[in-house]
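*Asks:* sequence first, predicted model second:
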Number of protein chains: 2
Amino acid sequence: VSDSGPTSPVVLNRKEIEALAGLESDAFDPDAFAAGAFDAIAEGFVRLARGEVRQPPVLSLDLPEVAGELDVKTAWVRGWDSFCVKLSTGFFRNPELGLPSGSGLMVVLDATTGRPRAVLLDDGLLTDLRTAIAGGLAARALARPDATVAAVLGAGAQARWQARALAAVRPLSEIRIWSRRPDAATQCARDVERHTGVPTRSADSVAEALRGADVVVTTTPSQEPIVPAPLLQPGMHLTSMGSDGAGKRELEAALLRRADLIVVDHLEQSRTIGELQGIDANTVSAPVTLGEILAGERTGRHSDDDVTVCDLTGTGVQDSAIARWLLGRYEAHGAGS
Amino acid sequence: VSDSGPTSPVVLNRKEIEALAGLESDAFDPDAFAAGAFDAIAEGFVRLARGEVRQPPVLSLDLPEVAGELDVKTAWVRGWDSFCVKLSTGFFRNPELGLPSGSGLMVVLDATTGRPRAVLLDDGLLTDLRTAIAGGLAARALARPDATVAAVLGAGAQARWQARALAAVRPLSEIRIWSRRPDAATQCARDVERHTGVPTRSADSVAEALRGADVVVTTTPSQEPIVPAPLLQPGMHLTSMGSDGAGKRELEAALLRRADLIVVDHLEQSRTIGELQGIDANTVSAPVTLGEILAGERTGRHSDDDVTVCDLTGTGVQDSAIARWLLGRYEAHGAGS
């Protein structure tokens, strides 16, 4: 050990991270959007499917006294040179102070020495991005190749992110946005059209949003199904990414029963915090993991008429993948790129 | 939320932390040593005893493939304006690379908003310090007021730190260092004498180190008792801080049975990873917490002849306390102080 001590970790703030991730511009280039991050996260899902990931239970601190919570997640992937420890907080009185409820950061540790390599002060940006990319990967693997009409349910930050990720993987001609709050849907549609260049409009009902849609993403915190089974159409792909906690659910059980293929990011999580909560395994098609699909070990859609569903609950391996990808870009280009 | 986003956290490196903590100089001033940090950590122990701390189970990631491990700890204290999330790693092939096995950092979160307030790239320094201060607090509360002869068993980093903390709380005239490795004891004694100004020598045996000692600290990772009961002397105080894991133990069971007072930092931890592992509760004096003693709710030593024992296993509240103290110094003085 030299006198000056081991190398200090890189510290990147949100603006630097946006620039490195190619997200600082409003101009949308589907080929450049988070270029390389799709592959990085796909590799993570493949490793997860192959059992090459160690992911301990989440550390959770509940603070009812201050309406706050903290989660800490980590996942190590065999052979990767780094892994991520992610802190995320939700403090639900923040809006009264003019602050967002959620924040967080990632610490990237060297996988050989355990020493900190980077502190990513991303304030949740990389979580938004890795979540959207999982939706993009699911659509790329499962939606019909000629899918052109997309529907996004919900009008929050993830609705916007998921729309960008869809536009990056399919040549969309139309996007519909539905929300319980029509004003929010209108605003979201405006933002999505500006971000993606794809004609986007708000829909007055879920039925209207889904009519003729080839690919659907649900992004709500609903505890009641918002997509009833009768709205399914042959050839449709649906990704549910809102359900990520006990009691949350966006898809009707009958819809899952009618799906030709059910894909999950993490089977155990899907059963405990995702769409498979309370679903009798005998009544639905045996779930396949997204990693198995992306590895080519399992087939996705068999025909243009198949209905496919993907349930995304969020995994620590996505965090380690996006952090590793970002750090690779930093090392290749520097923070000023 | 303004366009520039919420305030970025303070990032402090190890040198800045050393300076803020008053540890950058070799010259030892017992009154200035970590001034204020003793009170900060004492308050943490008091809050812990009063049930005003929330401390979820540790997140542990074991990586046998790379001989590594990661622990993440946190503790929130009612009414404090910040709390700490500490990452610590041990990667046991690091010495082959010329690096220490252990490293780590602390993230300080705002207790009202959950937003990151500081990233302390202390590389384990604050853990060393808060551990030593707990030893100092135990000695201040439990050793005879006129204690002048100290013995430290073990010759690693904590042996040095504990000696400094003892010298800060008692007017020592002599320190003895014992280690299984005589060379290490000699080197440690040299360092301790330089750091504390107290005449310090290595001892050839535990018995020699303890003969006539008023205050003893054990700092080894031993799994077999290193202090046999017959070495107890009336009026002696012993602090055991090495035992912090399943199977670790530094004090003989018979010694605990003969102690007039047993104090612990955290009763449950003492029973699962500390000196009370496997000890029949009916055979020893009912343990009291250090927080109860420091709060004045329980009496420490009753006479100059009492034998007192304190078992320190390490608590997350110490991390939150030391981080809060350091951040307070930063806010009062700036990093250049």
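*Replies:* Arrived safely, thanks for sending.
*Asks:* C-alpha from now on. contacts and neighbour counts both.
*Replies:* Fine.
*Asks:* from chain B, how far off is A:S179?
*Replies:* Using Cα to the nearest Cα, to the nearest Å, A:S179 is found at 24 Å from chain B.
*Asks:* can stretch A:111-118 be found next to chain B?
*Replies:* Yes - using Cα under 8 Å from any Cα of the partner chain, we find that stretch A:111-118 touches chain B at A:111-116.
*Asks:* could you list the residues in contact with that stretch?
*Replies:* A:8-12, A:76, A:80-83, A:107-110, A:327, B:66, B:68-70, B:89-91, B:93-94, B:101-105 (Cα atoms under 8 Å, 6 or more residues apart in numbering or on different chains).
*Asks:* and what of stretch A:140-152?
*Replies:* In this structure, residues lying in contact with stretch A:140-152 by Cα under 8 Å, 6+ apart are A:159, A:162-163, A:166, A:169-178, A:209-210, A:212-219, A:235-237, A:293-294, A:300-301, A:304, A:308.
*Asks:* show me where the stretch 1-150 of chain A has strands.
*Replies:* A:10-12, A:53-54, A:59-63, A:68-77, A:82-91, A:102-110, A:116-120, A:149-153 (DSSP state E, counting those that start in this stretch).
*Asks:* need the winner for burial among those.
*Replies:* When you average the neighbours per residue for each of these (mean count of other Cα atoms under 10 Å in any protein chain shown), strand A:149-153 leads with a mean of 28.
*Asks:* same question for it, mean pLDDT?
*Replies:* For strand A:149-153, the mean per-residue pLDDT is 98.
*Asks:* go on, stretch A:225-233?
*Replies:* 96.
*Asks:* likewise stretch A:14-24?
*Replies:* Over the span of stretch A:14-24, the pLDDT mean works out to 88.
*Asks:* please apply the same query to stretch A:52-61.
*Replies:* Across stretch A:52-61, the per-residue pLDDT values average to 94.
*Asks:* can you give me the first-to-last residue distance of it?
*Replies:* 28 Å (Cα to Cα, to the nearest Å).
*Asks:* helices or strands next to the host helix or strand of A:T239 in the packing?
*Replies:* Take DSSP states H and E as the rule and A:T239 turns out to sit in strand A:237-240. Here strand A:237-240 touches helix A:125-142, strand A:215-218, strand A:308-311, going by 3 or more Cα pairs under 8 Å, 6 or more residues apart in numbering or on different chains; DSSP states H and E.
*Asks:* dump those to JSON lines, plus mean pLDDT.
*Replies:* Formatted as JSON lines, the helices and strands packed on strand A:237-240 follow (pLDDT from 0 to 100):
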{"stretch": "helix A:125-142", "mean pLDDT": "96"}
{"stretch": "strand A:215-218", "mean pLDDT": "98"}
{"stretch": "strand A:308-311", "mean pLDDT": "98"}
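*Asks:* these: which one's closest to A:G245?
*Replies:* Across these, A:G245 has its closest neighbour in strand A:308-311 (12.4 Å, Cα to Cα).
*Asks:* closest residue of the stretch 201-337 of chain A to chain B?
*Replies:* A:G316 (12.6 Å; Cα to the nearest Cα).
*Asks:* now do the contacts for that residue.
*Replies:* With Cα under 8 Å, 6+ apart, A:G316 has these contacts: A:55, A:73-75.
*Asks:* chain B next: which of those are close?
*Replies:* Among the contacts of A:G316, the ones lying near chain B by Cα under 8 Å from any Cα are A:Q55.
*Asks:* check the closest residue to A:L109 other than its chain neighbours and give its pLDDT.
*Replies:* Among residues not flanking A:L109 along the chain, A:P116 sits closest, at 4.4 Å (Cα to Cα, 6 or more residues apart in numbering or on different chains). As predicted, A:P116 sits at a pLDDT of 97.
*Asks:* how much space separates A:P116 from A:V107?
*Replies:* For A:P116, the distance to A:V107 equals 7 Å [Cα to Cα].
*Asks:* B:L256 is nearest to which of the helices and strands packed on strand A:237-240?
*Replies:* Comparing those by Cα to Cα, helix A:125-142 comes nearest, at 50.5 Å.
*Asks:* hey, C-alpha coordinates of that closest one in CSV?
*Replies:* Below are the C-alpha coordinates for helix A:125-142, written out as CSV (Å, rounded to 0.1, in the frame of the first residue of the first chain):
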residue,chain,number,x,y,z
LEU,A,125,-32.0,8.0,-12.9
LEU,A,126,-30.2,4.7,-13.5
THR,A,127,-33.0,2.8,-11.9
ASP,A,128,-35.5,4.5,-14.2
LEU,A,129,-33.3,3.6,-17.1
ARG,A,130,-32.6,0.0,-16.2
THR,A,131,-36.3,-0.6,-15.6
ALA,A,132,-37.2,0.9,-19.0
ILE,A,133,-34.6,-1.1,-20.7
ALA,A,134,-36.0,-4.3,-19.3
GLY,A,135,-39.3,-3.3,-20.8
GLY,A,136,-37.5,-2.7,-24.1
LEU,A,137,-35.8,-6.1,-24.0
ALA,A,138,-39.1,-7.8,-23.3
ALA,A,139,-40.7,-6.0,-26.2
ARG,A,140,-37.8,-6.7,-28.5
ALA,A,141,-37.9,-10.4,-27.6
LEU,A,142,-41.7,-11.0,-27.4
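*Asks:* for that helix, which positions count as buried?
*Replies:* A:125-127, A:129-142 (16 or more other Cα atoms under 10 Å in any protein chain shown).
*Asks:* distance from that helix to the middle of the chain?
*Replies:* 4 Å (Cα atoms, centre = their mean, to the nearest Å).
*Asks:* and that helix with strand A:116-120, angle?
*Replies:* 90 degrees (axes from the mean of the first three to the mean of the last three Cα atoms, to 10 degrees).
*Asks:* how about the most centrally placed residue in chain A, nearest residue that isn't a chain neighbour?
*Replies:* In chain A, the residue lying closest to the centroid (Cα atoms, centre = their mean) is A:T131, at 1.6 Å. Sequence neighbours aside, A:G314 is the residue nearest to A:T131 in space, at 6.8 Å (criterion: Cα to Cα, 6+ apart).
*Asks:* and the pLDDT for that neighbour?
*Replies:* For A:G314, pLDDT reads 94.
*Asks:* surely it is in a strand?
*Replies:* No - using DSSP: H, G, I helix; E, B strand; the rest coil, the assignment for A:G314 is coil, not a strand.
*Asks:* that one contacts A:D265, doesn't it?
*Replies:* Yes - in this structure, A:G314 is within contact of A:D265 by Cα atoms under 8 Å, at 7.2 Å.
*Asks:* so what's the backbone phi/psi at A:A332?
*Replies:* Torsion angles at A:A332 (phi, psi; degrees, to the nearest 10) stand at phi -80, psi -40.
*Asks:* neighbours around it, how many?
*Replies:* For A:A332, the neighbour count with other Cα atoms under 10 Å in any protein chain shown is 10.
*Asks:* so who does A:M241 touch?
*Replies:* Here A:M241 is in contact with A:135, A:217-220, A:311-313 (Cα under 8 Å, 6+ apart).
*Asks:* most neighbours, which of the residues you listed?
*Replies:* So for those (other Cα under 10 Å), the most neighbours sit at A:D311, 32 neighbours.
*Asks:* for it, give its distance to B:L120.
*Replies:* The gap separating A:D311 from B:L120 is 38 Å, by Cα to Cα.
*Asks:* try A:R298
*Replies:* 46 Å.
*Asks:* please apply the same query to A:R115.
*Replies:* A:R115 is 14 Å from B:L120, by Cα to Cα.
*Asks:* returning to that earlier point: state the next helix or strand along the chain beyond the strand holding A:T239.
*Replies:* helix A:253-258.
*Asks:* whichever helix or strand comes after that next one pairs with which strands, and in what direction?
*Replies:* Next along the chain after helix A:253-258, taking DSSP H and E as the criterion, comes strand A:261-264. When pairing is defined by DSSP bridges, strand A:261-264 lines up against strand A:288-289 (parallel), strand A:308-311 (parallel).
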